[in-house]
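Asks: I'll drop the sequence and a predicted model, then ask my questions.
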Amino acid sequence: MEILVDVNGSDNGISEAIKAVIAVKSKIKSKILLVGDKENIITFVKEEYLDKADNIIKELNILDAKDVITNYDDPAFAIKHKKESSIVKAYDYMKETEDTLFLSAGSTGAVMAGGLLKLKRIEGIRRPALVSILPTTKGNGVVMLDCGANTSAADISMVQFAKMGIIYAKEILKKDAVKVGLLNIGTESKKGSPDLKETYESLEAECPEFAGNIEAREILSGDFDVVVANGLMGNVALKAIEGTAKTMKNALTSEFKKNVLNKLAAVTSIGVIKKALLKYDYTQYGGAVLLGVRKPVVKIHGNAKQKNYEVAIMQGDSILKKKIVDKVKKSIEENV
């Protein structure tokens with residue numbers, strides 16, 4: 001098992017990914033391969049770790065990749081022409097190597113385009129989906145997909161999303177019984193667009209775990225284990241949740257700084273507030289997983305810090321150990 005960690009794509013430079021790899025490499029079963037400019041990686045380690053650097057460098061595995069695909073590049077064009085980029089070199093390596101997983105904070109479009117163009121879809125999969133795990137009030141987590149790989153999707157694809165989500169919820173969140181909901185504008189079966197109504201009927205007929213529509217305000221309730229959405233609705237819902245959490249954190253900080261009494265109140269309540277905010281920190285579950293391609297891919301935020309990388313690397317190790325992609329393949333083959 002091997003996790004390829006892209007060090008070139010982060011908004012924060014190469015440091016966060018490298019520090020995370022050094023911190024967790026001894027805690028997981030998977031081998032880690034850093035993908036990036038080898039000279040820059042070695043220089044950073046020497047400057048950051050001083051007298052420990054030589055020993056650390058000996059233990060690092062590096063796939064040299066000088067080029068970077070940026071958010072300004074056309075994703076498909078870059079995958080075809082930036083052959084020395086970390087994303088392309090990682091995918092080319094994965095094509096020739098079994099039990100590999102790619103982790104990147106780089107261009108989302110390029111990561112997804114590379115997954116489709118280089119790794120290819122699992123046979124029978126209509127469209128891959130980005131899968132995220134979100135925190136809930138019950139503390140049990142909820143799997144949501146698609147979170148942005150497709151702006152629209154036919155009902156057959158949405159049924160496949162549900163099946164992939166069920167596997168992910170059972171294996172990663174360790175859920176025995178899974179309850180699936182369809183993201184919609186209301187809970188009634190006849191709500192929504194014609195596509196959503198067709199999807200409702202298909203899920204009802206083909207997915208025993210399907211329990212009906214769910215509104216966006218109930219995603220974090222914990223009443224559902226898997227939320228199925230087309231990529232447009234899923235991405236909007238995900239970003240609205242992220243934005244709300246950020247706004248609440250900023251609002252609390254601003255209020256506590258207003259006057260002396262508020263600052264005193266902050267001193268006595270800061271522990272409770274931090275605990276509550278941590279409960280709803282979606283990064284505790286790692287990154288978004290591109291499911292439906294032949295090898296697992298984990299995409300994390302471009303501004304990811306060391307801790308985000310560490311959690312995502314642990315997540316990747318679990319995905320490989322549990323053979324999530326093999327289980328998705330088997331599920332789709334049984335239903336083709």
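Replies: Yes, it's here. Quantities reported herein were computed from a predicted structural model and do not represent experimental measurements.
Asks: tell me where the chain has helices.
Replies: Using DSSP state H, the helices of the chain run over 15-24, 38-49, 53-59, 75-81, 86-95, 108-114, 155-172, 194-206, 231-256, 260-279, 306-321, 324-335.
Asks: just flag whichever of those helices has the lowest average confidence.
Replies: The minimum mean pLDDT among those belongs to helix 260-279 (a mean of 65).
Asks: circling back: closest to residue 183 out of the helices of the chain?
Replies: For residue 183, the closest of these is helix 231-256, at 5.4 Å, according to C-beta to C-beta. For the C-beta atoms, the positions are set from N, CA and C on the backbone; glycine is no exception.
Asks: helices or strands up against that closest one?
Replies: Here helix 231-256 touches strand 129-134, strand 142-145, strand 180-183, helix 260-279, going by 3 or more C-beta pairs under 8 Å, 6 or more residues apart in numbering; DSSP states H and E.
Asks: ok, and what's touching the first one?
Replies: The contact list for strand 129-134 (C-beta atoms under 8 Å, 6 or more residues apart in numbering) reads 112, 141-150, 160-161, 164-165, 168, 172-173, 219-220, 231, 234, 238, 241, 282, 285-286, 288-292, 299.
Asks: before we move on, what about the third one?
Replies: Applying C-beta under 8 Å, 6+ apart, the contact partners of strand 180-183 are 144, 158, 162, 165-166, 196, 199-200, 203, 207, 209-216, 218-219, 223-229, 233-234, 237.
Asks: tell me the buried residues within those residues.
Replies: 144, 158, 162, 165-166, 196, 199-200, 203, 207, 209-214, 216, 218-219, 223-229, 233-234, 237 (16 or more other C-beta atoms under 10 Å).
Asks: out of the helices of the chain, nearest to residue 3?
Replies: Closest to residue 3 of the helices of the chain is helix 306-321 (C-beta to C-beta; 4.7 Å).
Asks: thinking again about what came up before, redo the helices of the chain as JSON lines? Include distance to residue 32.
Replies: Listed next are the helices of the chain as JSON lines, based on distance: least, C-beta to C-beta, whole Å:
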{"stretch": "helix 15-24", "distance to residue 32": "5"}
{"stretch": "helix 38-49", "distance to residue 32": "12"}
{"stretch": "helix 53-59", "distance to residue 32": "10"}
{"stretch": "helix 75-81", "distance to residue 32": "23"}
{"stretch": "helix 86-95", "distance to residue 32": "12"}
{"stretch": "helix 108-114", "distance to residue 32": "18"}
{"stretch": "helix 155-172", "distance to residue 32": "20"}
{"stretch": "helix 194-206", "distance to residue 32": "38"}
{"stretch": "helix 231-256", "distance to residue 32": "28"}
{"stretch": "helix 260-279", "distance to residue 32": "26"}
{"stretch": "helix 306-321", "distance to residue 32": "7"}
{"stretch": "helix 324-335", "distance to residue 32": "18"}
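Asks: closest to residue 30 out of these?
Replies: Nearest of those to residue 30, taken as C-beta to C-beta: helix 306-321 at 4.7 Å.
Asks: buried ones in that closest one?
Replies: Under the neighbour-count criterion of 16+ other C-beta under 10 Å, helix 306-321 has 306, 308-320 buried.
Asks: could you do stretch 250-260 as well?
Replies: So for stretch 250-260, counting by 16+ other C-beta under 10 Å, buried means 252, 256.
Asks: tabulate the CA atom coordinates of it in CSV.
Replies: Provided in CSV are the C-alpha atoms of stretch 250-260 (Å, rounded to 0.1, in the frame of the first residue of the first chain):
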residue,chain,number,x,y,z
ASN,A,250,-15.8,35.1,13.4
ALA,A,251,-19.0,36.5,15.0
LEU,A,252,-18.1,34.9,18.4
THR,A,253,-14.5,36.2,18.2
SER,A,254,-15.8,39.7,17.4
GLU,A,255,-18.3,39.8,20.3
PHE,A,256,-15.8,38.6,22.8
LYS,A,257,-13.4,41.4,21.9
LYS,A,258,-16.0,44.2,22.2
ASN,A,259,-15.5,45.1,25.8
VAL,A,260,-14.0,44.0,29.1
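Asks: contact partners for the nearest residue to residue 196 once chain neighbours are set aside?
Replies: Nearest residue to residue 196, sequence neighbours excluded (C-beta to C-beta, 6 or more residues apart in numbering): residue 184, at 5.6 Å. Residues counted as contacts of residue 184 (C-beta under 8 Å, 6+ apart) are 191, 192, 196, 200, 213, 214, 215.
Asks: roughly how far does the closest residue to residue 20 other than its chain neighbours sit from residue 53?
Replies: Excluding the flanking residues, the one nearest residue 20 by C-beta to C-beta, 6+ apart is residue 309, at 3.4 Å. Residue 309 is 20 Å from residue 53, where distance means C-beta to C-beta, to the nearest Å.
Asks: go on, residue 130?
Replies: Distance from residue 130 to residue 53, by C-beta to C-beta: 37 Å.
Asks: of the two, which one has the most company?
Replies: residue 130 (26 against 16; other C-beta atoms under 10 Å).
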